[in-house]
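Colleague: Below is the sequence, then the predicted model.
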Amino acid sequence: MTLHTINKSPFESRILETCLRFTQEGDPILFIENGVYAVQSRSRFSPLLESIRLSNPVYALQPDLAARGITEILDGIKTVDYEGFVDLVETYKVNNWL
Amino acid sequence: MYCEYIPVSPLPAPCIRASNDNKEKCPETEKTTVRIGILLKQGPYNHQASDTAYKFAEAAIRKGHTVEAVFLYNDGVINATRLMDPPRDDRNIAARWSELNNRHGVEILACIAASKRRGISEDIMIKGSAICGLGALTELAVRCDRLLTFGD
C-alpha cells in the first residue's frame, strides 16, 4: 500500500481528484500544508471526503490545521503530528502529490 | 562543469535494490528504522516546503530513523545560501539545515545546474553543504528506503 500526501487546497488545485484516480482501496491519504483545507467540516468538498473515508484511511497534519485556524474537521479524519507523519512514511511507500 | 558529478558516499552492495523492503531493526531498541532521502524544490520563506521538510527530517531523526540527505533542486538551492540574514525573531532556514548536517550528518546537496542559474556557488554556501549533479539524486533514491518530495 502507498501513502499519498496532498499539499494543496482542493479550492486551488485539482490534484486531489488526480490522486484519487491512482489510489487503491486502503491506501492512506495524508493532507499537509494547504491540503488540510480539504478536511474542514461543512465545505464544498465534505461529501467527497466522506466518500473517500469509506475506502481509505484519511489523515491531516495537526500543526498545519492549527496554523490555519481550522478547528472543526470531518468525523473519522485522524490528525497526526510530524512524528505521526514519520510513522506513516515508515509503514508505507510514499507518493507526494504536488 | 555542468556534468560534474560528486559521489555522495559508497553504495552498499547490491547497488540496485527494491526501495521498500529493506527496513532494518535497530539492534538496541528493536525498532524498525528506515533510511530517508528528501527532495526539496522550493525556496525558503516563500513556500512552506522548506519548513515542512525540516520538521519532517527533525521528527524522523528523533524517532531513530536516518535522514541520508536533503537534495536541493530548482529554487530549493536557495536554502543553502549563508548570505541570508532574517530578522532575529525569525528562523534562519539555511543555518537550520547546516545544523542538521553538523549534528546528524544529513548531507545537504544542491543541484549544480540549478545553483549556477541562481548564483549559488560553494563560496557562499552553508557549512556542510555541497554542490553535485543530478546523478547524486538518483543515487539517493536508490540507496534510501523512502524518498519524499517537498515543493509546489
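Modeller: On my side now, so go ahead.
Colleague: So which bits of chain B are right by chain A?
Modeller: Within reach of chain A by CB under 8 Å from any CB of the partner chain, chain B has these residues: B:19-20, B:23, B:32, B:34, B:36, B:41, B:48-49, B:52, B:55-56, B:58-60, B:62-63, B:65, B:146-152. Glycine gets a C-beta too; all of them are placed from N, C-alpha and C.
Colleague: Mind checking which of those are in helices?
Modeller: B:A49, B:T52, B:K55, B:F56, B:E58, B:A59, B:A60, B:R62 (DSSP state H).
Colleague: Just among the residues you listed, which is most surrounded?
Modeller: B:A60 (28 neighbours; other CB atoms under 10 Å in any protein chain shown).
Colleague: B:D85: which of the ones in helices among the residues of chain B next to chain A is nearest?
Modeller: B:A49 (21.0 Å; CB to CB).
Colleague: Just want the residue of chain A that's nearest chain B.
Modeller: Going by CB to the nearest CB, chain B is nearest to A:Y82 of chain A, at 3.7 Å.
Colleague: tell me the contacts of that residue?
Modeller: A:L61, A:P63, B:K55, B:F56, B:E58, B:A59 (CB atoms under 8 Å, 6 or more residues apart in numbering or on different chains).
Colleague: What separation is there between A:L20 and B:A141?
Modeller: 25 Å (CB to CB, to the nearest Å).
Colleague: Who has more neighbours out of these two?
Modeller: Of the pair A:L20 and B:A141, A:L20 is the one with more neighbours under other CB under 10 Å, namely 17 against 14.
Colleague: Return the nearest residue of chain B with respect to chain A.
Modeller: Closest point on chain B to chain A, by CB to the nearest CB, is B:A59, at 3.7 Å.
Colleague: right, and that residue touches A:F85 too?
Modeller: Yes: assessed by CB atoms under 8 Å, B:A59 is found in contact with A:F85 at 6.8 Å.
Colleague: residues in contact with the residue nearest the centre of chain A?
Modeller: Nearest residue to the geometric centre of chain A (CA atoms, centre = their mean): A:F31, 3.0 Å. Listed by CB under 8 Å, 6+ apart, the contact partners of A:F31 are A:T5, A:I6, A:N7, A:A38, A:V39, A:V58, A:Y59, A:A60, A:L61, A:D64.
Colleague: and chain A, which of its residues are near chain B?
Modeller: Going by CB under 8 Å from any CB, the residues of chain A near chain B are A:7, A:32-34, A:63-64, A:81-83, A:85-87, A:89-90, A:93-94, A:96, A:98.
Colleague: Mind listing what's buried along stretch A:53-67?
Modeller: For stretch A:53-67, burial by neighbour count (16 or more other CB atoms under 10 Å in any protein chain shown) applies to A:R53, A:N56, A:P57, A:V58, A:Y59, A:A60, A:L61, A:Q62, A:P63, A:D64, A:L65.
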